[in-house]
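Asker: missing the sequence, but the structure's below:
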C-alpha cells in the first residue's frame, strides 16, 4: 500500500505509511495469546472503520468488540492514533501481498497479448479500490483532515514498480519514453480511483458510470495511450528510474 499514495497529489490514502503523522507499524506481540488479542483488536477496529467510519472508532468500542479490557488496548497501542496506525499497517501488508501476487501472475503468463496485459494490470489496481472502498475512503479522509501532503516520491514503491515493469516488458509502448508512459498510466488510474472512492462515482460528472464501466474505460484509456501511434512528443528531458539507496 505505501506505494500508491506516492503517485497522487494530496491523495494520502491508506496506501501511504505516512497517512497519519508518525504512521508506522506497532511492535508485534511475541506470545501466542498476545498475538491473538492483538489480531482481534486490529480486526475490530478495521470493522468499525469500514462499517461506520473513523468517528465510530473509539478505544472503548474496539475493546468491547475485541473482548479485551480498555487498559489492554491502551497498553498495546497507546491511543486511538496508535490503533489506526496499526490498522493501516495491517492493511498495507495485506494489499501489498495480494496486489504483487496478482501482478506477478499476470507478468508470468506469456500467453497474454499486450492488450490483455494492460487489461489485467489495470484491473488489479482498480480492484484494490473497488473491493476496499470503505476503508480506502476513511484513510483518505483521515489523511486530508490531518493536513498530510503528498510524499516527495524519493522512495521506490513496489506496486508502482511492478506495474511499470510489466507494461514495459510485455507491451510495445509507442510513446517516446515508455517508462514515463507506464508511470503516467499508473498515476491516472490511482488518482481516478482515489477520487471516485472518496467522493463518489458522480462527484465530478453527472454521467453515470458504475465500477464495471469505469474499469473498462480506464483499460481503454491506458491501452489507447500506450499502444496507439502518436505524433505527440514528451516535454520531459529525462525520466529515469529513481536511484537506488
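Answerer: Perfect, I can see it now. In this text, all values refer to a predicted model and were calculated from it rather than measured experimentally. Numbers count the residues shown, from 1 in each chain.
Asker: Tell me the buried residues in the helix-or-strand element of the chain with minimal mean pLDDT?
Answerer: The helix or strand of the chain with the poorest confidence is helix 133-145; it has a mean of 82 (mean pLDDT, DSSP states H and E). Across helix 133-145, burial judged by 16 or more other Cβ atoms under 10 Å covers 133, 135-140, 142-144. For glycine as for every other residue, the C-beta is placed from the backbone atoms N, C-alpha and C.
Asker: For residue 43, give its distance to residue 61.
Answerer: Counting by Cβ to Cβ, to the nearest Å, the separation of residue 43 from residue 61 is 13 Å.
Asker: the inter-axis angle of the longest helix anywhere in the chain versus helix 133-145?
Answerer: Once the chain is assigned using DSSP state H, the helix that runs over the most residues is helix 80-108. Interaxial angle of helix 80-108 relative to helix 133-145 (axes from the mean of the first three to the mean of the last three Cα atoms, to 10 degrees): 120 degrees.
Asker: Could you check helix 80-108 and say which residues are buried?
Answerer: Going through helix 80-108 with 16+ other Cβ under 10 Å, the ones that come out buried are 80, 82-92, 95-96, 99-100, 102-103, 106-107.
Asker: Quick one: distance of whichever helix or strand comes after that helix to the chain centre.
Answerer: Heading C-terminal from helix 80-108, the first helix or strand you meet, by DSSP states H and E, is helix 114-131. Centroid separation between helix 114-131 and its chain, computed with Cα atoms, centre = their mean, to the nearest Å, is 13 Å.
Asker: contacting residues around helix 114-131?
Answerer: If you take Cβ atoms under 8 Å, 6 or more residues apart in numbering as the criterion, helix 114-131 is touched by 4, 95, 99, 102-103, 106-107, 112, 136, 159, 163, 166-167, 170-172, 185-186, 189-190, 193-194, 196-197, 211, 214-215, 218-219, 222-223, 226-227.
Asker: In helices only, show me those residues.
Answerer: Secondary structure assignment (DSSP H) places 95, 99, 102-103, 106-107, 136, 159, 163, 166-167, 170, 185-186, 189-190, 193-194, 196-197, 211, 214-215, 218-219, 222-223, 226-227 from these within helices.
Asker: if we can go back for a sec, what helices or strands is the least confident helix or strand of the chain leaning on?
Answerer: Judged by 3 or more Cβ pairs under 8 Å, 6 or more residues apart in numbering; DSSP states H and E, helix 133-145 is in contact with helix 32-52, helix 80-108, helix 178-199.
Asker: ok now that helix, how far from the chain's centre?
Answerer: In terms of Cα atoms, centre = their mean, the centre of helix 133-145 is set 11 Å apart from its chain centre.
Asker: That helix vs helix 211-227, what angle?
Answerer: Note on geometry: by the same axes, to 10 degrees, helix 133-145 and helix 211-227 are set 70 degrees apart in direction.
Asker: low pLDDT regions in this protein?
Answerer: Of all residues in the chain, those with pLDDT under 70 make up the ranges 1-32, 144-156, 230-245.
Asker: repeat that with 90
Answerer: Counting by pLDDT under 90, the chain contains low-confidence ranges at 1-38, 50, 53-57, 79-98, 135-158, 175-176, 194, 198-209, 228-245.
Asker: Near the closest residue to residue 102 other than its chain neighbours, how many other residues are there?
Answerer: Residue nearest to residue 102 in three dimensions, not counting chain neighbours: residue 124, with 4.3 Å by Cβ to Cβ, 6 or more residues apart in numbering. The local packing count at residue 124 equals 21, with neighbours defined by other Cβ atoms under 10 Å.
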